[in-house]
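*Asks:* This is a predicted model, with the sequence first.
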Amino acid sequence: MRQNSTAAPSVATIRGDFPILQRQINGRPLAYLDNAATTQKPRAVIDALVNFYERHNANTHSGVHTLSEEATALYEEARARAARFLNAPSPRCIVFTQGTTAAINLVAQGWARHHLRQGDEIVLTVMEHHSNLLPWLGVARETGAVLRYLEIDGEGRLTATGREGGGIEGAVSRATRLVAVTHVSNVLGTINPVKELARQARAVGACVVVDAAQSAPHLSLDVQALDCDFLAFSSHKVYGPTGIGVLYGKEEYLAAMEPPASGGGMVLRVERHSYEWMEPPWRFEAGTPNIAGAVAMGAALDYLDGFDREMLRRHEIELTGYALKVLGKRADLTLHGPADPAGRAGVIPFSVGGVHPHDVVEVLDGQGVAVRGGHHCCQPLMEHLGERGVVRVSLALYNERQDIDQLAHGLDRVAAIFRNDR
Ligand SMILES: Cc1ncc(COP(=O)(O)O)c(C=O)c1O
């Protein structure tokens, strides 16, 4: 339900907010099912970008003239908006970054490489995106820390025991200093029990980093309830512009971090042979930030939070169930991930027997259907699944049954084209 309205908007009304959904692709209506890669932008976000550049554009924090003060106020309002989105205790916990990748690298470079030692354990999962894996491989190489992976069962659910549905009791050990885990898998859609992982990590004094790139669009986030130390998400996956995102950090963690990048905008005082940093979060935002991006991200968060998030989630579970039913009937497909639609966040990966994922994607594109195929920056997961790549369908709030029907029709075409090749 939108704020100030009494009834839940129909999907048709929501679709009207997104100009790009009017497009035809290869002569067909666009069925955009690549939302885990990036979401489309509502008019409110596009207008916020244009409005900033038309009316308020100036650099932040340095000027005292009117436009600079307006730009600074809008940028700092966006920080407060992001704090509300995450239920962070203060805007001072919000660092603007280029996105999730930059945010996780900031934790790796600014905190982990200064606090981890030889033999310390970093706990990850086998389903991590490369953005939440490579920074830790780098930290391990630099510090002598070791990586340990939580495995998944046959339905793509985390298991510390290795047993089917075995749960995550015992996920950390006394040597664990850092737990870095994705909240939602970008390939399987699995929703991971990060709150329980954080509880276990807390008991051994380990730091908890949550990659929320894929959960932010689908689940209401509450960093205080999760009790994580850091959490990262990208604006472009929550209907905002590219090139901007957020690192949430507990104040005590941000205070203990060194800024890996330095330059203008992050120092109080510079002398020839010394300098004094600003307080967090500004300490971590060297150089001119993506001001318009932050402001438009604020508009995206307003847009998303303007709905009843539980209503959106119910719609998503219903549509996921429909897609699983439609795709599950096809003998030529192998589906991956949790069987229960409520166990995943609108992501449905599959492989088509004997057909390369890129070929599937190309044929579907010819039918106006946008999906993604490949390893999805999750090569260790692909190895675990025994796949060279998979095709991924990923949903957003504007998707409807018709998109799934168009996908099914496109898959008939894939079957017809490749039948003779197998
Ligand atoms: C789970 C996950 N983590 C991290 C990222 C990286 O996000 P970005 O490219 O916006 O930095 C992605 C992007 O797809 C993702 O799905």
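*Replies:* Nice, thanks for sending it over.
*Asks:* Quick check: Y275 touching M266?
*Replies:* No: look at Y275 against M266 with CB atoms under 8 Å: they stay out of range, at 9.5 Å. Using the backbone N, CA and C atoms, a C-beta is placed for each residue, glycine as well.
*Asks:* Looking only at neighbour counts, state which of those two leads.
*Replies:* Shown here are Y275 and M266; by other CB atoms under 10 Å, M266 has more neighbours (21 against 12).
*Asks:* Give the phi and psi angles for the residue nearest in space to the middle of the chain, as a check.
*Replies:* Centre of the chain computed as the mean C-alpha position; nearest residue by CA atoms, centre = their mean is A213, 1.1 Å away. When quoted as degrees, to the nearest 10, the phi and psi of A213 stand at phi -50, psi -40.
*Asks:* Disregarding residues adjacent in the polypeptide, which is nearest to it?
*Replies:* T100 (4.2 Å; CB to CB, 6 or more residues apart in numbering).
*Asks:* Contacts only, for the one you found.
*Replies:* S131, N132, D211, A212, A213, A232, F233, S234, G245 (CB atoms under 8 Å, 6 or more residues apart in numbering).
*Asks:* Between which two of those is the distance greatest?
*Replies:* Across these, the longest distance by CB to CB is 13.3 Å; it joins N132 and G245.
*Asks:* now the strands: where do they sit in the stretch 101-250 of the chain?
*Replies:* Using DSSP state E, counting those that start in this stretch, the strands of the stretch 101-250 of the chain run over 121-125, 146-152, 158-159, 176-182, 207-211, 230-234, 245-249.
*Asks:* Quick check: buried residues in the second one?
*Replies:* Neighbour counts over strand 146-152 (16 or more other CB atoms under 10 Å) mark L147, L150, I152 as buried.
*Asks:* ditto for stretch 277-287
*Replies:* So stretch 277-287, judged by 16+ other CB under 10 Å, has buried residues W277, M278, P280, P281, W282, R283, F284, E285, A286.
*Asks:* so what's the second one up against?
*Replies:* M278 is in contact with M266, V267, L268, counting by CB under 8 Å, 6+ apart.
*Asks:* next one: the last one
*Replies:* By CB under 8 Å, 6+ apart, the contact set of A286 is P259, A261, S262, G263, G264, G265, M266.
*Asks:* ok now do the first one, which residues does it touch?
*Replies:* Right, P259. G110, M266, W277, R283, F284, A286.
*Asks:* Could you list which of the residues you listed belong to strands?
*Replies:* W277 (DSSP state E).
*Asks:* can you put the contacts of P259 in a markdown table and add pLDDT and distance to H61?
*Replies:* Formatted as a markdown table, those follow (pLDDT from 0 to 100; distance: CB to CB, whole Å):
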| residue | pLDDT | distance to H61 |
| --- | --- | --- |
| G110 | 98 | 21 |
| M266 | 93 | 10 |
| W277 | 95 | 14 |
| R283 | 97 | 13 |
| F284 | 98 | 14 |
| A286 | 96 | 12 |
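*Asks:* Show me which of the contacts of P259 is closest to D34.
*Replies:* Nearest member of the contacts of P259 to D34, counting by CB to CB, is F284, at 31.0 Å.
*Asks:* So the closest one sits against Q109, correct?
*Replies:* No: when contacts are counted by CB under 8 Å, F284 is not listed as touching Q109 (10.4 Å).
*Asks:* Quick check: closest non-adjacent residue to the residue in the stretch 301-422 of the chain positioned nearest to the ligand.
*Replies:* Proximity of the stretch 301-422 of the chain to the ligand (CB to the nearest ligand atom) peaks at C377, 6.4 Å away. Spatially, and ignoring its direct neighbours in sequence, C377 is nearest to H130 (4.3 Å; CB to CB, 6+ apart).
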